[in-house]
Structures are given as structure tokens and as C-alpha cells.
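> need coordinates for the below:
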Amino acid sequence: MASVPTARHLARAKDLADARFADPLTVDDLAAAAGLSRAHFSRAFRRAYGAAPHTYLLTRRLERAATLLRNTDRSVTEICIAVGLSSLGSFTTSFTRTYGLSPTGYREAHPPASARAVIPMCVTRAYGRPLNRAQMKKSEPVASA
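As a prediction, the model looks like this:
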């Protein structure tokens, strides 16, 4: 039976980290998914992807947090928990180190998606017009005699 290349085992662990970043994953969980010992997995993962497994997982979580900060109005605490981190202080420190701004500052520096939305002129004109007479007659109450 031919052996499976280590790169394929590492890809399984990387896929697990990408898919379940919000779950309480540990390096041991990722090593188990790869079918490698913790030490061998950590060395091979760093060599293959340029970052330690824990750092890679934290990066995925912070990327998702940045997306949520830009596109939702959820609180920083809710986002911290949603991305799988349990300490707001550690989240803020890691986020600030990575993005150069605190989570709140990052949100303020990136206006919400609604501010960037482009509405086509045809839609603006259609909804900006006064109602035509037929529609106004339907909504006007009938006076009783």
C-alpha cells in the first residue's frame, strides 16, 4: 500500500482550521486530523504554510472578526465569541497587533457596507417619483355621505 504524502495530511488539518475556526480547536485536534504527532505536525505545518498551527488558526479568526466588524453592527464582545475566542482582552490585543487598530477603531475606520452600496439611478428614480393617480385613488379613504 502506498503511503499518503504528508502534504495531504497537512491539508486536512488546514481545511479543518478553515472550516471550524470558531470551534475550540487545539493544536492536538489539528494534529489528530492530520494523523501526525503534535511535534511532527507543528514542524511540518510551519514548514509547509509558513506559520505555526496556532498562529494560522488565530489569523483565520481575526480575519473573520475583521469582516464582521466591517459588515455587521454586532458588539465587539459578540464578535470575539463568534470567532471562537474567549478572552476579550486577548482578542483586542491580538487584533490591534495584527491590524494596527483596536476592534472599535477598525470599525470606525471602515464605514458599514450600506454606506458603500451603490443604488442604480433607475431604482432611485422609480422610488423617488410621486405616486401616479391610480395608486393614489386606491389608498384614499372614501368619504361617507
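> Asp95 and Thr104 touch, don't they?
In this structure residue 95 is Phe, not Asp. No. Judged on Cβ atoms under 8 Å, Phe95 makes no contact with Thr104 at a distance of 9.9 Å. Heads up, the C-betas are built off the backbone N, CA and C, glycines and all.
> those two: who's more crowded?
For Phe95 and Thr104, the more surrounded residue by other Cβ atoms under 10 Å is Phe95, and the numbers stand at 27 against 13.
> how near is that one to Pro24?
For Phe95, the distance to Pro24 equals 19 Å [Cβ to Cβ, to the nearest Å].
> same check on Thr92?
Counting by Cβ to Cβ - Thr92 and Pro24 are separated by 19 Å.
> between these two, which one's more packed in?
Higher neighbour count among Thr92 and Pro24: Thr92, with 16 against 9, using other Cβ under 10 Å.
> in the host helix or strand of the more buried one, what's buried?
Using DSSP states H and E, Thr92 sits in helix 88-99. Judged by neighbour count using 16 or more other Cβ atoms under 10 Å, the buried positions of helix 88-99 are 91-92, 94-95, 99.
> and of these, the nearest to Tyr56?
Ranked by distance to Tyr56 (Cβ to Cβ), those are led by Ser94 at 13.2 Å.
> test my guess that the closest one contacts Ala65.
No. Here Ser94 does not reach Ala65: they are 9.2 Å apart, not a contact under Cβ under 8 Å.
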